[in-house]
Each structure stands twice: as C-alpha cells, then as structure tokens.
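>>> sequence first, then the predicted structure:
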Amino acid sequence: MSATNKTRTLYHVHDPMCSWCYAFRPVWQAVRTQLPQDVSLRYVLGGLAPDSDAPMPADMQAMLSGTWQRIEQQVPGTTFNFDFWKTNQPRRSTYPACRAVLAARQQKPAAEHDIIRGIQNAYYQRAMNPSDDSTLIQVAAETELDAEQFAADLQSSATHEALLEEIRFARSIGGDSFPSLIMQEGKQLRLIMLSYTDSSHILKQL
C-alpha cells in the first residue's frame, strides 16, 4: 500500500533518555515491523527535561537509579550499566538528546530510528552522558551521519525551536507520558494501552 493510501497515523511519543522508552524498545521493534498497512508512523519528541548545566541532586540520582533497578525486575531482558552514576556528572537535561534526533532526521530521515537506538545504547549500556553534545556527536558519527553538519544542526536555534514546537504538538495530542502511542484517524485520537512484554497486546488495538 502506498503512503498516499495510509489513512491512519500512529504517533510514538518518546524521549531518547527516557528509561521506560528504552525498556519498551524490544516490544516496540516487534510492533513497528508488523503495523497494519494503512498505518503511517511518526515519532514525536516529548521532551522530559529542559537544558540545564546544574549537577543532578543526589536524591534525584537515587530515584532514577532505583527506577532502572525496578525496570530490570519488571521487564525481563532489560539491563542497565550502573557505572553511569559513577563515571559521569549527571544533569537533568534531555533536550540535547531530543535535538540530536531532530538533527539526524533533518540530515537523513531514515537515520531517526538509528540515532534513537544509538543514544539509548550510549546512555544505558556504555555509561556515556547524552546530556553532553560531545556524546551525541560521537553517536551521530557512529550512525554514519555527517558529524560536522550534525554538530551545527544540533546547536542551531532553528533545531531548538523545532523541538519546542514538537513538544507542544505532543502535549496537544495527549502525549504527556513517555512512551505513549496515540492513533489518529481523521480528527479522532485514541490512546493505545501499552505492554512492555507483549507486542500482541498492542497490535490487537491497532
């Protein structure tokens, strides 16, 4: 079925530094490869935390580390590299990683999924900090993007404005938590109930 014949849009609202989005990845991979033919897919950045140079408070670090542990217990096969908390100065700042997704999308639309995966792997498996532009530029190079162009787009005011607009759109369709799946058919929006262990639970709703 051609793109022009797709009558429904599935919005995947996410943040590349969202730990639950990372845990959702295996199920999401199964869902996206089995979408009904009349459904087009659109990633939407929700933006967890704005730009900040302030060190993350110790209580927030403990809370997020605890979330990782809880996810490992609740979502079989999901693992985190807890060295992140020892080798980095964490900041509560996910907008840089969100802008990285936009910079990749602008340069090569097909790379959007790859850079999301690359950021997640850098953060959760390699104990790198995606709040740092240097990490994001390295991931872009590993994703075979033009690193120089990516760096320029990453830091541009146009990319930041595009992110703010995308965040506004996410909120307007009900994407207030991450990940969220929202189906649009005509003017009707419908929230898809998620499962972190069973793709068929989601596919039945589509």
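Nice, thanks for sending it over. Residues are numbered from 1 along each chain as shown.
>>> all helices of this protein, in order?
Ranges of helices in the chain, per DSSP state H, are 19-32, 58-74, 84-87, 95-107, 112-124, 133-142, 147-154, 157-172, 199-203.
>>> where does the chain have low pLDDT?
1-4 (pLDDT under 70).
>>> show me the contacts for residue 64.
Residue 64 sits next to 19, 56, 90 when contact means C-beta atoms under 8 Å, 6 or more residues apart in numbering. In this view, the C-beta of every residue, glycine as well, is placed from N, C-alpha and C.
>>> in JSON lines: the residues you listed, plus distance to residue 180 and neighbour count.
Shown next, in JSON lines, are the contacts of residue 64 (distance: C-beta to C-beta, whole Å; neighbours: other C-beta atoms under 10 Å):
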{"residue": "19", "distance to residue 180": "15", "neighbour count": "21"}
{"residue": "56", "distance to residue 180": "24", "neighbour count": "19"}
{"residue": "90", "distance to residue 180": "25", "neighbour count": "17"}
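>>> and residue 72, how many neighbours?
15 (other C-beta atoms under 10 Å).
>>> give the contact list for it.
Per C-beta under 8 Å, 6+ apart, neighbours of residue 72: 78-80.
>>> and it, how far from residue 20?
Applying C-beta to C-beta, to the nearest Å, the value for residue 72 to residue 20 is 12 Å.
>>> kindly report the same for residue 143.
23 Å.
>>> now do residue 67
8 Å.
>>> which of those two has more neighbours?
residue 20 (19 against 14).
>>> residue contacts, that one?
Contacts of residue 20 (C-beta under 8 Å, 6+ apart): 71, 178-179, 196.
>>> at 7 Å instead, please
For residue 20, the contact set (C-beta atoms under 7 Å, 6 or more residues apart in numbering) comprises 71, 178-179.
>>> residue 14 now?
21, 43, 45-46, 178-179.
>>> how does it look with 6 Å?
21, 178-179 (C-beta atoms under 6 Å, 6 or more residues apart in numbering).
>>> distance of it from residue 187?
For residue 14, the distance to residue 187 - C-beta to C-beta - is 23 Å.
>>> how many residues are close by residue 187?
Residue 187 - counted by other C-beta under 10 Å - has 5 other residues nearby.
>>> go on, residue 131?
Considering only other C-beta under 10 Å, residue 131 is surrounded by 24 other residues.
>>> now it: how far from residue 84?
11 Å.
>>> ok, residue 43 next?
Residue 43 is 24 Å from residue 84, by C-beta to C-beta.
>>> ok, these two, which is more surrounded?
For residue 43 versus residue 84, neighbours defined as other C-beta under 10 Å are more numerous around residue 84 (21 against 16).
>>> which residue, other than its chain neighbours, is closest to that one?
residue 127 (4.2 Å; C-beta to C-beta, 6 or more residues apart in numbering).
>>> I'd assumed residue 86 was in contact with that neighbour.
No: contact criterion C-beta atoms under 6 Å: residue 127 and residue 86 do not qualify, at 8.0 Å.
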